[in-house]
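# Structure, please.
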Amino acid sequence: MSERNVEPKPGDLIEISRPGYKHWAIYVGAGYVIHLVPKAQAGINSIMSVLSKKAVVKKELLWEIAQSDACQVNNKYDQKYKPLPASRIVREAELLLGTEVSYRVVCCNCEHFVTRLRYGIAQSDQVRETVASAMALIGVGVVLGLAMVLGSLLLPRKHEEK
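I've put the predicted structure just below:
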């Protein structure tokens, strides 16, 4: 469940809406967040970050990261998992500052990073939803392709005029 216009508290998940994807961070207080930044990223809003294999854990002001993009508190798994204590979330995030970690958009992205800190479980709905959408598109393509093939085999052919 997302919480628009809610003042973040330490340990909250912050969802930042980028064109084409969501960036995630952990709020640590005084306007700062800790987040995972892919090393090959040309700019903070770059979709090209999916090509990166390494990321760095950084602490930055939320407003500098969000810029003009919408952001909100989104502790989306609180109904499913019990959040770890805020002091532990913040402490563990701060211990990781400056650390270079493996980055894979499918299994080790910024959403996995923050959900592991908050809940102890790394998850990314963004990846799951993208894979499901891709599979649906592939399925539609297969069905249309089969329909075209079957249609051409089963429909009577026009005879040439004599």
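# Now Ile26: which helix or strand?
Assigned by DSSP states H and E, Ile26 belongs to strand 21-29.
# Just the residues contacting the following helix or strand past that strand, thanks.
For strand 21-29, the following helix or strand on the C-terminal side (DSSP H and E) is strand 32-38. The contact list for strand 32-38 (Cβ atoms under 8 Å, 6 or more residues apart in numbering) reads 14, 23-28, 44, 49, 52, 54-62, 65, 93-94, 96-97, 101, 103, 109-110, 113-114. Heads up, the C-betas are built off the backbone N, CA and C, glycines and all.
# got the angle between strand 32-38 and strand 21-29?
Angle, strand 32-38 to strand 21-29, by axes from the mean of the first three to the mean of the last three Cα atoms, to 10 degrees: 140 degrees.
# and strand 32-38, C-alpha only, in CSV?
The C-alpha trace of strand 32-38 is given here as CSV (Å, rounded to 0.1, in the frame of the first residue of the first chain):
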residue,chain,number,x,y,z
TYR,A,32,18.4,11.6,3.6
VAL,A,33,17.9,8.2,1.9
ILE,A,34,20.3,5.3,1.3
HIS,A,35,20.0,3.6,-2.1
LEU,A,36,21.7,1.4,-4.6
VAL,A,37,23.3,3.3,-7.6
PRO,A,38,24.4,1.2,-10.6
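# Show only the entries of the contacts of strand 32-38 found in helices.
Of the contacts of strand 32-38, the ones assigned to helices by DSSP state H are Leu62, Ile65, Ala93, Glu94, Cys110, Phe113, Val114.
# The fifth one and Tyr21 touch, don't they?
The reference is to Cys110. No - under the criterion of Cβ atoms under 8 Å, Cys110 makes no contact with Tyr21, lying 9.5 Å away.
# who's more crowded, those two?
The neighbour comparison of Cys110 against Tyr21 (other Cβ atoms under 10 Å) goes to Cys110, with 24 against 18.
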